[in-house]
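> Let me see the structure of the following:
(2 chains)
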Amino acid sequence: MKKSIVLYMHVHQPYRIRNYTIFDAGVNHDYFSADYEHNTSNERIVKKVAEKSYLPTNAKLMELIEHNPEFKISLSITGTIIDQLQLWSPETLRSFQDLVSTGRVEIVGETYYHSLAFFYSRSEFEAQVKMHRDKIMEVFGQTLTVFRNTELAYNNDLANWAEKAGYKGILAEGWDPVMQWRSPNFVYKTPGNDNLKLLVKNYKLSDDVAFRFSDKNWSEWPLTAEKFTGWLNDAGDATNFNLFMDYETFGEHQWSDSGIFDFLGHLPGEWLKNPNNTFMTVSEAMDSYETVGELDMPNTVTWADTERDLSAWLGNAMQQQSIAALYELEPIIISSGDWQLINDWRRMQTSDHFYYMCTKWFNDGDIHAYFSPYNTPYEAHVAFMNAWHDLQFRLSEKGLI
Amino acid sequence: MKVLMLGWELPPHYTGGMGVVCYQLCQHLAKSGVDIEFILPFTADYSDIGFMKVNPALPYGVDQVLRQDGGGTYDSQYFTYMDGKGNKRGANMNEHQKHYSDYVLKLVKYGEYDVIHAHDWLTLRAGIAAKQASGIPLIAHIHATEYDRAGGRPGNPLIHEIEYIGLRLADKIITVSQATKQSVIDNYGIDASKISVIHNALDFNPAEMYEQGSLYPYIVKMKQKGFKIVLGAGRLTIQKGFVNLLTAMKEVIYRNPNTILLLIGGGELYNELIAKAADLGISKNVIIVGYLNGTGKAWRDAFKLADLFVMPSISEPFGLTPFEAIAFGAPVLMTKQSGASEVLNNVLKVDFWDIDEMANQICAVVSSEGLATTLYDNARREVELLTWAPSIDKLLSIYDSQALGMTL
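Sure, this is the predicted structure:
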């Protein structure tokens, strides 16, 4: 059996909340409509990321698919970014559709709103998973068989849910305290589930590309496709190398002038030089390789920060208070039957809002600051809570509270 | 009587309580025939003021001084100098006070003034220099000392030094409360006979009191739903005691979940107070509005919506906001550590450190319409009788005796 690279990339943008004040609450319900020039303008950010990352990456991937019959990828794309592309960059959405229509791209399921609903409301979580499944069918004509939760937040409960929901497999982080002596380069089982397969991210190799690629202080800089595939070829016993990363790695986190597109362009050619190597999508890897063992993950593991837990989203009281306040409204919001209100409430569930409120300034803090459109986590919290007050106002107008 | 008035702020620009007091004080003095030249540390449009001359203290070669506020405290201010060609350069507090002082020195060299009336440490350096150069008597008007601003912490030693020297060299000291007088005696070793207490008052513009509409439709809606609004307003600094108010609100909200704390102000504790509200588990019920101009409708509307105004200051030499609250319709709870508590009787009073009692009293007001109404009606009658007149009479006689002292 050939060894494979399982390249899986995640496409997502949130609906950022503008600088929404208490004077807006009860007057304007346009939480997500910042002025174009403002840091929180979703339209501006989507257009920028499309131009810097999505379009050139898709063009490069299309070229690779055309030139390398064995090249395949998997991607997940959230409902919130599909909505934004439909509005502001339809040509980008078309380029994703073109990629998928080659038959060599597998889409991975998740929540429509990139939310943490799994940890707060099972019914809301399932509603969002279904919405995403329907959206992917509508836009890409694909049926999803593999699931990933927001931020790769995973535990045994999630695996149990995915097995019952009929998924073939699921994705998680290959975090050392869980893996211990085991290698992430195989397919695993989950405890108590007969059918569900688990692929875990090889975070060292993934982060070499996603985080370290342009770091000139890194001893391996500059990283070439030849060097990288050399490591894989020398890795010894392995079946599948799970390279999981954000789509924005290409062109946005690693800028074009870092050579990231050249790296991507040369990766298939270098890897396929060895006839024992190939590429697989996530479900192909799950179908092709025998499981080598079982991974027990009672505690939630994510792919973020040095802690690999949910603390980047739920670590401080501001985050906990705001997310609790949001889910507290669930029964009343849903009962309103008002789609606009429900949609706004769901957009506020996107995990990014809570990430912007993270106060872990040291160690991981620089990453958080880079990804936040707000000056401070406190500003992010205030804008969020003011929007929350407006939800309360709207429910109150309807006589529901 | 010609007075050289040294101030640091004046409505409608950069206004804290001291600015409001300066404005109204000067307005009443002018009505009594006093000729005032008011010096400010920045350039702004005051063409609406007809009752006195307002001039910016411009350094040599500078056409405009623009003021920026850092964290909202006095020593974090920063100034930008602009010349006629539009060239800009920055100046910090210390440098700008020096230039302010030089400007005032020029004025006293050529102008004829009977007294120099300087407000707070900010203008004391200029006041001392002008007095020493000209022999004109200096009145130091103390709205707050560094002990008050520091809220129990040591404070800035440089500011203490300026206050210490300024208070010694001043011919007369005015404080805004008995408590501040005592603090000047105890902390700066000043003889009691040199200090007079002149309480502040507050005039209201009836047009502002009966404005229509509210800029807080959310709060209006919540009130219709039976929510009660507790308001706090002031700079978000240690001195103002808002951390204690938040802690008390946790108890209030636990007992009366339909209570919202609206907190207005900017300052160094902004982030900390937001985080504190979350730590206490009351984020949903605490709305920190941020800085609002004290002359704007948003400021007034907040007072009009309040079911209770709380001034939780650890140290408040006077405190004008309770007067605004009463004028705009809210009963008041204030700490005993405020100068205003020396003049207002129909308000609730609590020690700043007694958080349980603060919570107890807030609960009492938000849950008893009878208490709120009685408290308010009596406070309203009381405030209508508290005018500037006695304070102005007292100040005029101080001017006279100082000016006389000079001619003798």
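
> What ranges does the stretch 201-350 of chain B have for its helices?
Per DSSP state H, counting those that start in this stretch, the stretch 201-350 of chain B carries helices over the ranges B:206-209, B:217-224, B:242-255, B:270-279, B:297-305, B:321-328.

> do the stretch 301-401 of chain A as well
For the stretch 301-401 of chain A, the helices defined by DSSP H, counting those that start in this stretch occupy A:311-314, A:317-328, A:330-336, A:339-347, A:352-355, A:365-371, A:377-397.

> Next: the stretch 151-300 of chain A.
Per DSSP H, counting those that start in this stretch, the stretch 151-300 of chain A carries helices over the ranges A:156-164, A:176-179, A:203-210, A:225-233, A:260-272, A:282-288.

> what bits of the stretch 151-300 of chain B have low per-residue confidence?
Applying pLDDT under 70 to the stretch 151-300 of chain B flags residues B:152.

> Could you report the distance from residue A:253 to residue A:210?
Going from residue A:253 to residue A:210 by C-beta to C-beta, to the nearest Å gives 7 Å. Any C-beta I mention is one placed from the backbone N, CA and C, and that applies to glycine too.

> quick one: common contacting residues for these two?
By C-beta atoms under 8 Å, 6 or more residues apart in numbering or on different chains, residue A:253 and residue A:210 have these common neighbours: residue A:246.

> thinking again about what came up before, which one of the helices of the stretch 201-350 of chain B is the most hemmed in?
Using mean count of other C-beta atoms under 10 Å in any protein chain shown, the stretch among the helices of the stretch 201-350 of chain B with the largest mean neighbour count is helix B:321-328, at a mean of 25.

> angle of that one against helix B:297-305?
70 degrees (axes from the mean of the first three to the mean of the last three C-alpha atoms, to 10 degrees).

> What's the mean pLDDT across helix B:321-328?
For helix B:321-328, mean pLDDT is 95.

> Alongside chain A, which residues does the stretch 251-400 of chain B contribute?
Applying C-beta under 8 Å from any C-beta of the partner chain, we find that the stretch 251-400 of chain B lies next to chain A at B:270-271, B:274-275, B:278-279, B:281, B:283-284, B:287-290, B:298.

> still on that earlier bit, export the helices of the stretch 301-401 of chain A to a markdown table and append columns for mean neighbour count and mean pLDDT.
Below are these laid out as a markdown table (neighbours: other C-beta atoms under 10 Å in any protein chain shown; pLDDT from 0 to 100):
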| stretch | mean neighbour count | mean pLDDT |
| --- | --- | --- |
| helix A:311-314 | 22 | 94 |
| helix A:317-328 | 20 | 97 |
| helix A:330-336 | 16 | 97 |
| helix A:339-347 | 18 | 98 |
| helix A:352-355 | 24 | 96 |
| helix A:365-371 | 14 | 62 |
| helix A:377-397 | 23 | 97 |
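
> I'd like those as JSON lines, with distance to chain B appended.
Formatted as JSON lines, the helices of the stretch 301-401 of chain A follow (distance: least, C-beta to the nearest C-beta, whole Å):
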{"stretch": "helix A:311-314", "distance to chain B": "12"}
{"stretch": "helix A:317-328", "distance to chain B": "4"}
{"stretch": "helix A:330-336", "distance to chain B": "13"}
{"stretch": "helix A:339-347", "distance to chain B": "15"}
{"stretch": "helix A:352-355", "distance to chain B": "12"}
{"stretch": "helix A:365-371", "distance to chain B": "14"}
{"stretch": "helix A:377-397", "distance to chain B": "4"}
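
> Tabulate these (JSON lines), appending distance to residue B:51.
Converted to JSON lines, those look like this (distance: least, C-beta to C-beta, whole Å):
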{"stretch": "helix A:311-314", "distance to residue B:51": "58"}
{"stretch": "helix A:317-328", "distance to residue B:51": "48"}
{"stretch": "helix A:330-336", "distance to residue B:51": "56"}
{"stretch": "helix A:339-347", "distance to residue B:51": "52"}
{"stretch": "helix A:352-355", "distance to residue B:51": "52"}
{"stretch": "helix A:365-371", "distance to residue B:51": "50"}
{"stretch": "helix A:377-397", "distance to residue B:51": "40"}
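
> Which element, helix or strand, includes residue A:40?
Under DSSP states H and E, no helix or strand contains residue A:40.

> just checking, it touches residue A:34?
Yes - using C-beta atoms under 8 Å, residue A:40 is in contact with residue A:34, at 4.2 Å.

> Next, show the common contact partners of the two.
Shared contacts of residue A:40 and residue A:34 (C-beta under 8 Å, 6+ apart): A:16, A:18-19.

> Please pick the buried ones from those residues.
Buried by 16 or more other C-beta atoms under 10 Å in any protein chain shown: A:16, A:18-19, out of the shared contacts of residue A:40 and residue A:34.

> how about the helices of the stretch 301-401 of chain A, which one is nearest residue A:273?
Residue A:273 lies closest to helix A:365-371 among those, at 34.8 Å (C-beta to C-beta).

> Which residue ranges make up the domains of chain A?
A:3-294, A:311-397 (automatic domain parsing).

> returning to that earlier point: include distance to residue A:46 when you put the helices of the stretch 201-350 of chain B into JSON lines, please.
What follows is these, written out as JSON lines (distance: least, C-beta to C-beta, whole Å):
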{"stretch": "helix B:206-209", "distance to residue A:46": "45"}
{"stretch": "helix B:217-224", "distance to residue A:46": "30"}
{"stretch": "helix B:242-255", "distance to residue A:46": "38"}
{"stretch": "helix B:270-279", "distance to residue A:46": "29"}
{"stretch": "helix B:297-305", "distance to residue A:46": "33"}
{"stretch": "helix B:321-328", "distance to residue A:46": "45"}
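
> Of those helices, which is nearest residue A:399?
Closest to residue A:399 of those, according to C-beta to C-beta: helix B:217-224, at 11.3 Å.

> Need the contact partners of the closest one.
So helix B:217-224 is contacted by A:22, A:25-27, A:389-390, A:392-393, A:396-397, B:214, B:227, B:229, B:258, B:260, B:262, B:305, B:307 (C-beta under 8 Å, 6+ apart).

> What are the boundaries of the strands in chain A?
Taking DSSP state E as the criterion, chain A carries its strands at A:3-11, A:73-77, A:105-107, A:146-147, A:169-173, A:187-190, A:193-201, A:240-246, A:277-279, A:291-294.

> swap that for the stretch 51-200 of chain B, sorry
B:53-56, B:64-68, B:78-82, B:88-92, B:115-119, B:138-142, B:172-175, B:195-197 (DSSP state E, counting those that start in this stretch).

> CSV please, covering the ones you listed and showing distance to residue A:5 and mean neighbour count.
Output for these, formatted as CSV (distance: least, C-beta to C-beta, whole Å; neighbours: other C-beta atoms under 10 Å in any protein chain shown):
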stretch, distance to residue A:5, mean neighbour count
strand B:53-56, 69, 16
strand B:64-68, 55, 17
strand B:78-82, 55, 18
strand B:88-92, 56, 13
strand B:115-119, 73, 28
strand B:138-142, 75, 27
strand B:172-175, 78, 23
strand B:195-197, 82, 18
